[in-house]
Structure formats: structure tokens, C-alpha cells
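Trainee: attaching a predicted model along with its sequence, questions to come.
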Amino acid sequence: MRFLNGRVIRLEYVFLDDETPLDVPAVSVTVRDGSGQTVYTGPASQSFAVWSVTLPPLPLGPYAVEWKGGDVATDRTAFEVVGSYLFTVPEARASDFDLTDSARFPAADIRHYREVVEEEFETITGRSFVPRVRQVNVTGDGSSAVFTGLLDVIRLVSATGPSGTLDVSGWTVNDAGFLQAPYELPDGARYFLTVEYGLPAGPEDVKRAALIRLRSLLTAENSGIPERATSFVAAEGGNFTLATAGRNGYETGIPEVDATLTRYRYRILNDVLGVA
């Protein structure tokens, strides 16, 4: 679940035993950031089986949520605060007439599949099209540089080393994921870094590809073609070969989407690291 930076965050949860809602007397909520620090704790409000809590705006990053329902159950969920979305819900509805039907395609479904698409695009290209924050562990090698493994690095938010919290004001970053300290980092010393990375906003071609992919996921049941099919014969005649995800270089199985994502992969870095 993703929320936009600077917005109030409303979390909802239902305690279930498979499909049966659990009767819990009261619920307390604890929210922790990526480093494990508690950023919120308090009671949840109840509306029938739904428990909810409203949080103030939080900084970019991943968060873990613990829902404690007395002695009955303790469940855990997660969410993330990001700097932007690839597209808004109104933009998604405007991209296809069918999606204007809010009864058939509720906003919650569009938001869910937007996250699916954003995560899928990052997995395929190795880079994020929205600003995100991630915690990484690195080891010094005696030089002043460390590699985060992230592309499009924006800034180093914080760093902790063997001697505790570090002043990061003198550190520099580059798009390829390298951080440069103003001093040498001892060989073998471990550092815990919080890094902001990603593009400030999704490029227009990526946004278009994301909307196409969204529609394919939301309307998959309309195609009439079996999920495992790699070809089909049309009723009017003619044999067609399908672009199938996982075959012949296709990732999503949608040629326009896959071609767009290919342009955003770091080919040189992938070659150096031996990544296909």
C-alpha cells in the first residue's frame, strides 16, 4: 500500500480467521519506520468489523504496522510513503472509457493495480519511476566510495557507522548509485544508509505504458483468450502468435509496454554486472 508524501494517512484493517471476521475487544496500533523506530502508537477506531487509524504525514520510506487486538490476535501489515505516483486515479479513468465505471472499477482497485504496475516496472528496469526511500547496508573497502545498488540516487538521507550516526552533509551522490564520503571508509566497516532514489516524475512514455498495463490487468477477463495460450486462430480466419510474458524477451507480453521499458534499462551497467 502506497501513500503520497505530505498527505494524511488512513489505515484500515479487518481481523480475519480465513474468511471469518474475528471479534476483538479493542485494538492498539504501532507503526515503525524502516530502521525499526516507533513513529506512532495509539488506539484504533472501530466501524463494524473494520478498524482504522489516521496518521499525520510521514517522511518517504517503508513502514511496518502492528495491529494488536487484545489477547485475540496480533497481525502485521506494511505501507510505503512515496514522492509521486506514475498516474492519478482520474488519469486512469480518462485513459479508457470502460474505467469510468466506478462500480465495476472502484478507486481502490485502480490504486491497488497502480502499485502492482509501479513495482513491476521497477523490477523490469531496475529503477524507480517515483521517488522512494530504501535502507541499505554497505561495507567500506578503504576508499571513500560505496555502491548502494540503487539507480537514480537523489540524496543520502542518513547514515550510521561503527561510531554511530554520521554527518552526511559532505557526502555526494550520483545517478549510478555510488556515494562519496568526504573521508576514507575503513576496510570492512559496516554502514547502514537511508537513501532516496528514483525519478522525480515518471516520463510521459512510461506513464502511457503504465496506463496500458493497468488496463490489461483490470480487464484481463475480457480478452477471451486462455491465459496459457501462445497463439490463437481467429473465427474470421488467420493464425496469430501472441507476445507472451517470459518468452522471446517479452516481460509483460504487451509489445509497446515492453519496448518502452527496454529503453529505460541501464544497458551498460547491466553488461558490466552480467545482468541480462
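Mentor: Happy to help now that I have it.
Trainee: contacts and neighbour counts: CA atoms only from here.
Mentor: OK.
Trainee: and the lengthiest helix in the chain, what's buried?
Mentor: Counting by DSSP state H, the longest helix found in the chain is helix 107-125. Buried positions in helix 107-125, judged by neighbour count with 16 or more other C-alpha atoms under 10 Å: 110-111, 113-115, 117-118, 120-122, 124-125.
Trainee: same thing with stretch 97-105?
Mentor: Leu99.
Trainee: show residues contacting stretch 132-144.
Mentor: The contact list for stretch 132-144, computed with C-alpha atoms under 8 Å, 6 or more residues apart in numbering, reads 34-35, 60-62, 81-83, 146-148, 180-198.
Trainee: next step: those residues restricted to strands.
Mentor: Among these, DSSP state E puts 61-62, 81-82, 146-147, 180, 190-197 in strands.
Trainee: looking at those, spot the one nearest Val27.
Mentor: Nearest to Val27 out of the ones in strands among the contacts of stretch 132-144 is Pro62 (C-alpha to C-alpha; 22.2 Å).
Trainee: returning to that earlier point: between the buried residues of helix 107-125, which sits nearest Ala26?
Mentor: Within the buried residues of helix 107-125, proximity to Ala26 (C-alpha to C-alpha) peaks at Arg111, which comes in at 29.0 Å.
Trainee: using PDB, write down the CA coordinates of stretch 49-62.
Mentor: Taking Å, rounded to 0.1, in the frame of the first residue of the first chain, the C-alpha atoms of stretch 49-62 are listed here in PDB:
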ATOM      1  CA  ALA A  49     -15.500  -5.200  11.600                       C
ATOM      2  CA  VAL A  50     -13.200  -2.500  10.200                       C
ATOM      3  CA  TRP A  51     -10.600  -1.000  12.500                       C
ATOM      4  CA  SER A  52      -8.900   2.200  11.400                       C
ATOM      5  CA  VAL A  53      -6.300   4.800  12.400                       C
ATOM      6  CA  THR A  54      -5.300   8.200  10.900                       C
ATOM      7  CA  LEU A  55      -1.700   9.200  10.900                       C
ATOM      8  CA  PRO A  56      -0.100  12.600  10.200                       C
ATOM      9  CA  PRO A  57       2.000  12.900   7.100                       C
ATOM     10  CA  LEU A  58       5.200  10.800   7.300                       C
ATOM     11  CA  PRO A  59       8.600  11.100   5.500                       C
ATOM     12  CA  LEU A  60       9.300   8.900   2.500                       C
ATOM     13  CA  GLY A  61      10.100   5.300   3.200                       C
ATOM     14  CA  PRO A  62       8.700   1.900   4.200                       C
END
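Trainee: all numbers from here: first residue = 336
Mentor: Let's use 336 as the start, then, which means that last one is stretch 384-397.
Trainee: please enumerate residues in contact with that stretch?
Mentor: 340-350, 356-358, 362, 364, 368-369, 375, 378-381, 413-418, 467-469.
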